[in-house]
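A.B. asks: no sequence on this one, just coordinates:
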């Protein structure tokens, strides 16, 4: 995993909308007296879509190398004129998340010991033993987002051979159970295909929206620990 980089093309309906990069640094960091990975998810809009909605987002997490428990997270959001910079420090001794946002008051919220931030949660899902799950089994995850904690259920939908630009390969399919909202459409509006190998990397993410669909398809990868076999 250290040094791993995975790139995705982002499509909104039939349009190329941007690119996303998920990467883990080669270097280890000490946070809360724990040895941590540093991971980032970077999203940029591109092309004609960039002239409508300009996005330059960076989400990051320092999570420990044993249980992938986040010790610090950060984000830098630039979406059109909207700007936000934020850091979250996790104090498990006091069960608090200490949130420091630029140009706003600091805030503390209670957390559970097994909480995940948006980035560490993605890597935490890659640790799951999908081979031991049956179709429609659920994975439970407590996440923190926008100064609140949420209890998520992720449904395991089974195995599927998926087509990528590199060829076909086996994958596990999962889908979070979404509360009623005005953004997503359908029973399983978000699906993720995770490679059925020792890497457990996301190959595709698909979101069915009320207005169109949003897809992320793997476009490149480097420094995976194990080779992926494509047909």
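C.D. replies: Structure received. Because the structure is a prediction, the values reported are computed rather than measured. Numbering: from 1, shown residues only.
A.B. asks: Look through the chain and tell me its longest strand.
C.D. replies: strand 148-164 (DSSP state E).
A.B. asks: Any idea which helix or strand in the protein has the lowest mean pLDDT?
C.D. replies: helix 47-52 (a mean of 86; mean pLDDT, DSSP states H and E).
A.B. asks: one step back: what helices or strands is the longest strand of the chain leaning on?
C.D. replies: strand 107-110, strand 138-145, strand 167-176, strand 190-195, strand 202-208 (3 or more Cβ pairs under 8 Å, 6 or more residues apart in numbering; DSSP states H and E). From N, CA and C alone the C-beta is placed, and that goes for glycine too.
A.B. asks: For residue 9, find the nearest of those.
C.D. replies: strand 202-208 (10.4 Å; Cβ to Cβ).
A.B. asks: Next, the angle from the helix or strand that that closest one is followed by to strand 202-208.
C.D. replies: Once the chain leaves strand 202-208, the next helix or strand it forms, by DSSP states H and E, is strand 213-222. Computed by axes from the mean of the first three to the mean of the last three Cα atoms, to 10 degrees, the angle separating strand 213-222 from strand 202-208 equals 170 degrees.
A.B. asks: For strand 213-222, buried residues please.
C.D. replies: For strand 213-222, burial by neighbour count (16 or more other Cβ atoms under 10 Å) applies to 214, 215, 216, 217, 218, 219, 221.
A.B. asks: quick one, which of the helices and strands packed on strand 148-164 is nearest to residue 130?
C.D. replies: It's strand 167-176; of the helices and strands packed on strand 148-164, that one is closest to residue 130 (Cβ to Cβ) at 4.2 Å.
A.B. asks: Switch the helices and strands packed on strand 148-164 over to CSV; also include mean neighbour count, mean pLDDT and distance to residue 48.
C.D. replies: Formatted as CSV, these follow (neighbours: other Cβ atoms under 10 Å; pLDDT from 0 to 100; distance: least, Cβ to Cβ, whole Å):
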stretch, mean neighbour count, mean pLDDT, distance to residue 48
strand 107-110, 12, 94, 38
strand 138-145, 15, 91, 30
strand 167-176, 18, 95, 30
strand 190-195, 21, 93, 25
strand 202-208, 19, 90, 20
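A.B. asks: Make a markdown table out of those and add distance to residue 39.
C.D. replies: Compiled in a markdown table, the helices and strands packed on strand 148-164 are given as follows (distance: least, Cβ to Cβ, whole Å):
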| stretch | distance to residue 39 |
| --- | --- |
| strand 107-110 | 22 |
| strand 138-145 | 15 |
| strand 167-176 | 19 |
| strand 190-195 | 16 |
| strand 202-208 | 13 |
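A.B. asks: Identify each buried residue in the least confident helix or strand of the chain, please.
C.D. replies: Buried-residue list, helix 47-52, by 16+ other Cβ under 10 Å: residue 49.
A.B. asks: Please pull up the helix or strand immediately following that helix.
C.D. replies: strand 56-64.
A.B. asks: residues in contact with that next one?
C.D. replies: Strand 56-64 has contacts (Cβ atoms under 8 Å, 6 or more residues apart in numbering) with 29, 31, 34-45, 69-79, 117-120, 123.
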